[in-house]
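> Any chance you could fold what I've pasted below:
(one chain, ligands or ions: 1)
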Amino acid sequence: MKRILIHLDTDPQPSSFDAISAIDGGVDQLISYGNVTPVDVVSLVQGAIFTRSPNSLQNTAIFIGGSDIEAGQALLDRIRETFFGPMRVSVMMDASGCNTTASAAVVCAGRHLDLSNSSTAVFGGTGPVGRRVARILKECGCRVKVVSRSIERARTVCAAIDNASQLLEPAAMSSSDDLPEVLEGVDAVIAAGAAGVKFCTLEELQKSAGVKVAIDLNAVPPLGIEGIESGDKAREEGEIVCYGALGVGGLKMKLHHHVIAQLFEANDQIFDAESTFAAAGDMR
Ligand SMILES: NC(=O)c1ccc[n+]([C@@H]2O[C@H](COP(=O)([O-])OP(=O)(O)OC[C@H]3O[C@@H](n4cnc5c(N)ncnc54)[C@H](OP(=O)(O)O)[C@@H]3O)[C@@H](O)[C@H]2O)c1
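Numbering: from 1, shown residues only. Next up is the predicted model:
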């Protein structure tokens, strides 16, 4: 039976990137919809779950994309509410590449550190990608400093991820003058700031004896950590192992294809942040 992927995009034009990735992930037939809102979800999901017999539903799946990650999350919530009993199909949520990017970044960090015994500062930790990086790190037992220009925003994000966790700590950084304090006790930095926003230089990170891994997810110049090249992939610079956005991007693409293939293994899987990371399995 043909593997059909229903591609729901919150942007007017469904993403060609996500369409190509779906086909490269092994999808036989892609059906793409643009401008999708939660109001549209019920009829689209019912179309997916009522056309094939329950035993064949693993051959149909849903992908959620689009540039607005919060809008994508709202679609996922509505999709979950529409499923009932065995009448469901597997879903991958990766609006703006958020979950595959965050998972790939954490996989890279975990290649060099025992995450359950480490501390990571997530710069731009209040953004959709940074929040997912923090969530996944926390699930790995890593201590996480969620760094923002505003301590209030950082506090809100920590509470939203897990109000009770001792592993999450909000931190404020309005300029690189705050770096020494932010980097106290930190083993890794993952910069997930807005495209074109520079936080600091690699040289400044090197002044903090503890930092062993630095990952910058921003591919738009100026990069988030000056001195890291976007193509860096486990490049050693002094004591620090460096990854740039494209260096993480190869693994992100591999993971994207892998999760697409996984969608068709069963009809009841939801790939959000933690489950996408779990799917990375032996890519670690
Ligand atoms: N490599 C890939 O495959 C891939 C895929 C997706 C995304 N990305 C990249 O990942 C990064 C994060 O994406 P995102 O969508 O989460 O980013 P975002 O929402 O645009 O920004 C993340 C955070 O950056 C901080 N920020 C914004 N402007 C700033 C400024 N002028 N100075 C200091 N901090 C500033 C904000 O935190 P506060 O306001 O709280 O300080 C914001 O919450 C981006 O660079 C994006 O391009 C890469």
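> Quick check: chain neighbours aside, which residue is closest to the most centrally placed residue in the chain?
With distances taken as CA atoms, centre = their mean, Asn99 lies nearest the centre of the chain, 2.4 Å away. Nearest residue to Asn99, sequence neighbours excluded (CB to CB, 6 or more residues apart in numbering): Thr276, at 4.2 Å. C-beta coordinates here come from the backbone N, C-alpha and C atoms, glycine included.
> what about the one you found, neighbour count?
Applying other CB atoms under 10 Å, we find 27 residues neighbouring Thr276.
> In space, what's closest to the single nearest residue of the chain relative to the ligand - neighbours in sequence excluded?
Closest residue of the chain to the ligand, CB to the nearest ligand atom: Gly127 (2.4 Å). Among residues not flanking Gly127 along the chain, Ala192 sits closest, at 5.9 Å (CB to CB, 6+ apart).
> same question, Tyr33
Spatial nearest neighbour of Tyr33, excluding adjacent residues (CB to CB, 6+ apart): Leu8 at 5.5 Å.
> Just the CA trace of the helix or strand hosting that neighbour, in CSV.
Leu8 belongs to strand 4-9 when assigned by DSSP states H and E. Output of strand 4-9 as CSV, limited to C-alpha atoms (Å, rounded to 0.1, in the frame of the first residue of the first chain):
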residue,chain,number,x,y,z
ILE,A,4,0.8,8.8,2.0
LEU,A,5,2.0,11.9,3.9
ILE,A,6,-0.4,14.7,4.5
HIS,A,7,1.7,17.9,4.8
LEU,A,8,0.0,20.6,6.8
ASP,A,9,1.7,24.0,6.5
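> How about residues contacting that strand?
If you take CB atoms under 8 Å, 6 or more residues apart in numbering as the criterion, strand 4-9 is touched by 14-15, 18-19, 22, 27-36, 41, 44, 47-48, 59-66, 75, 260, 263.
> contacting residues for the residue nearest to the centre of the chain?
Here Asn99 is in contact with Met93, Arg132, Phe271, Asp272, Ala273, Thr276, Phe277 (criterion: CB under 8 Å, 6+ apart).
> ok, now with 10 Å
Listed by CB atoms under 10 Å, 6 or more residues apart in numbering, the contact partners of Asn99 are 64, 69, 72, 92-93, 128-129, 132, 135-136, 252, 255-256, 259, 271-277, 279.
> So which of the residues you listed sit within strands?
Residues of those located in strands (DSSP state E): Ile64, Met92, Met93, Phe271.
> Gln46 and Asp40 touch, don't they?
No: applying CB atoms under 10 Å as the test, Gln46 and Asp40 come out as separate, 11.2 Å apart.
> okay, now the nearest residue to Lys2 once chain neighbours are set aside: neighbour count?
Distances taken as CB to CB, 6+ apart put Asp28 closest to Lys2, at 4.1 Å, once the chain neighbours are dropped. Residues near Asp28, counting by other CB under 10 Å, number 13.
> Need the pLDDT of Asp28.
Note on Asp28: pLDDT of 98.
> tell me the contacts of it?
Per CB under 10 Å, 6+ apart, neighbours of Asp28: Met1, Lys2, Arg3, Ile4, Leu5, Ala22, Asn59, Phe264.
> Now distance to the ligand too, for the residues you listed, in CSV please.
Shown next, in CSV, are these (distance: CB to the nearest ligand atom, whole Å):
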residue, distance to the ligand
Met1, 32
Lys2, 29
Arg3, 25
Ile4, 26
Leu5, 20
Ala22, 16
Asn59, 29
Phe264, 24
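> out of these, which are buried?
Arg3, Ile4, Leu5, Ala22, Asn59, Phe264 (16 or more other CB atoms under 10 Å).
> Report the contact partners of the residue nearest to the fifth one when sequence neighbours are not counted.
To tie it back to what came earlier, the one meant is Asn59. Excluding the flanking residues, the one nearest Asn59 by CB to CB, 6+ apart is Met1, at 4.6 Å. Met1 sits next to Asp28, Arg52, Ser53, Ser56, Gln58, Asn59, Thr60, Phe264 when contact means CB under 10 Å, 6+ apart.
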